[in-house]
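In: generate coordinates for the sequence data below:
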Amino acid sequence: MDKHYYGTEFAKKRNIWLKEVSRTFYPSIKILPKDLHFYVGHSYLICRLLDTLEDAYDITVEKKKEAIHQAVISIRDHSYFPKKNNTFAEIAATSDIKPFEKVILENAFEVFECIDTFPDIVRSDIRTWTTEMAEGMKKYSFGSDNPKAQLSTMYELEEYTYYVAGTVGELLSGLFTLDHFKVPKERSEVMYANGVSFGKALQYVNIIKDSREDFTEGRCFIPADLIKKYGITLEEFFKTDRKTEIKAVYSELISRAEEHLKAAVKYIEAVPVRLWRIRLFCIWPVVLAVATLNGIKRDLDIFINTSHTYKITRKEVKKLLFRGYFAAFSNWYFKRILKNN
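Out: Take a look at the predicted model:
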């Protein structure tokens, strides 16, 4: 990538968009080395563009798949971006989405065009994994003509979390092991082996903590077969006091999340300490995910009687972010934080 690109007007605009669509994730991106700050930040922007299309509840499934397909071909080659019948601009103008998500859709051409400014290996990594994500999103699309969306099986949950988050783990592994970072082969192999679970772990925690609120918005990522396994219906799971069965469902999901989190820890431990900025980028979301999961386990009786997302306190967040700095320089301290959580 042309180093002068960092100071262009588009780069400045892009950073504003990034801050607005990801107030919680932006500090982690900002801590990365300068080149990764740009590559990862731009990758995140593409993922948020796709996520905005996936989450748009007031367009039809056909329209959503058309938009995601246009995104796929534009990611692969921005010259294929539709000059007429621009679905992105149409959705931005008519759909009930957040203001800065509208801005991303309205400026989609520049987002896709920017990919060509990256080195070949970076461009290939971003294109491979964002298009893989997009193809998966098409498979699991819902819309105004299919408003009640629920995954059917645990297999579908694993596949869905692979598409929307495991692909991000793969993308990051490629960027974090670029030649100039000189990650030893044995360590990069561990990272690639655990990259998918690194992404899935965070998505599992999000699905669990958001599950009550998601249901009120017409979505459910907790599989039907898991709920049925304990002899209750979807409505009973979210609207009754059958605590024993509800807790059993959450217990299975939490156990699966914890398995992926163990792999995420292996991923982080494999990153050399000299690459502390990359480690810190990975550590922050993982320690917050662990704290969130443990909080849900501790407060499960309260959680199942609400219709809100579960959140740990701001005080706890600040404490964990501060301790994360030290964990970036020591696997021993990293494990200690996790153990104390």
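In: for the rest of this, base every contact and every neighbour count on C-alpha atoms.
Out: OK.
In: what's the longest helix in this protein?
Out: helix 185-216 (DSSP state H).
In: mind listing what's buried along that one?
Out: Buried residues in helix 185-216, defined by neighbour count with 16 or more other Cα atoms under 10 Å: 187-215.
In: same question, stretch 174-186
Out: Result for stretch 174-186 [16+ other Cα under 10 Å]: buried residues 174-177, 183.
In: want to try a markdown table for these, with secondary structure and pLDDT as columns?
Out: Listed next are those as a markdown table, based on DSSP: H, G, I helix; E, B strand; the rest coil; pLDDT from 0 to 100:
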| residue | secondary structure | pLDDT |
| --- | --- | --- |
| G174 | helix | 98 |
| L175 | helix | 98 |
| F176 | helix | 98 |
| T177 | coil | 98 |
| V183 | coil | 98 |
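In: ok, of those residues, which one's closest to A89?
Out: L175 (30.5 Å; Cα to Cα).
In: give the contact list for the closest one.
Out: 36, 39-40, 122, 125 (Cα atoms under 8 Å, 6 or more residues apart in numbering).
In: quick one, what contacts the residue lying closest to Y80 once chain neighbours are set aside?
Out: Using Cα to Cα, 6 or more residues apart in numbering and skipping the chain neighbours, the partner closest in space to Y80 is S74 (5.5 Å). For S74, the contacting residues are 80-81, 112, by Cα under 8 Å, 6+ apart.
In: of these, which is the nearest to R277?
Out: For those, the nearest to R277 is F112 (26.8 Å; Cα to Cα).
In: burial count for that closest one?
Out: For F112, the count of nearby residues is 23 (other Cα atoms under 10 Å).
In: tell me the spacing between it and E9.
Out: Distance, F112 to E9, by Cα to Cα, to the nearest Å: 16 Å.
In: lowest average confidence, helix or strand, in the chain?
Out: strand 149-150 (a mean of 78; mean pLDDT, DSSP states H and E).
In: check which residues of the strand or helix carrying Y155 are buried.
Out: In the assignment (DSSP states H and E), Y155 maps to helix 154-161. Neighbour counts over helix 154-161 (16+ other Cα under 10 Å) mark 154, 157, 159-161 as buried.
In: mind listing what L151 touches?
Out: L151 makes contact with 157, 220-224 under the criterion Cα under 8 Å, 6+ apart.
In: just the pLDDT for it.
Out: For L151, the model assigns a pLDDT of 91.
In: how close does it sit to N85?
Out: 32 Å.
In: ok, which stretches of this structure are strands?
Out: Counting by DSSP state E, one finds strands in the chain at the ranges 149-150, 219-220.
In: residues touching the closest residue to I104 other than its chain neighbours, list them.
Out: Among residues not flanking I104 along the chain, L49 sits closest, at 6.5 Å (Cα to Cα, 6+ apart). Counting by Cα under 8 Å, 6+ apart, L49 makes contact with 101, 104-105, 108.
In: need those residues in TSV (columns: distance to F303 and pLDDT).
Out: Below are the contacts of L49 laid out as TSV (distance: Cα to Cα, whole Å; pLDDT from 0 to 100):
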residue	distance to F303	pLDDT
E101	30	89
I104	34	92
L105	35	93
A108	38	92
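In: and the two most separated of those?
Out: Greatest spatial distance among these (Cα to Cα): E101 and A108, at 10.4 Å.
In: low pLDDT regions in the stretch 1-150 of the chain?
Out: 1-7, 146-148 (pLDDT under 70).
In: CSV for the buried residues of helix 154-161, including pLDDT and distance to S255?
Out: Supplementary listing: the buried residues of helix 154-161 in CSV, determined by pLDDT from 0 to 100; distance: Cα to Cα, whole Å:
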residue, pLDDT, distance to S255
M154, 96, 13
L157, 96, 14
E159, 97, 17
Y160, 96, 18
T161, 97, 15
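In: any idea which of those residues is closest to V286?
Out: T161 (16.1 Å).
In: who's in contact with the closest residue to that closest one other than its chain neighbours?
Out: Distance criterion Cα to Cα, 6+ apart; nearest residue to T161, sequence neighbours excluded, is K200 at 5.6 Å. Contacts for K200 (Cα under 8 Å, 6+ apart) come out as 161-162, 165-166, 257, 260.
In: quick one, phi/psi of the closest residue to R274 other than its chain neighbours?
Out: Nearest residue to R274 in three dimensions, chain neighbours excluded: F329, at 7.7 Å (Cα to Cα, 6+ apart). Main-chain torsions, F329, degrees, to the nearest 10: phi -110, psi 0.
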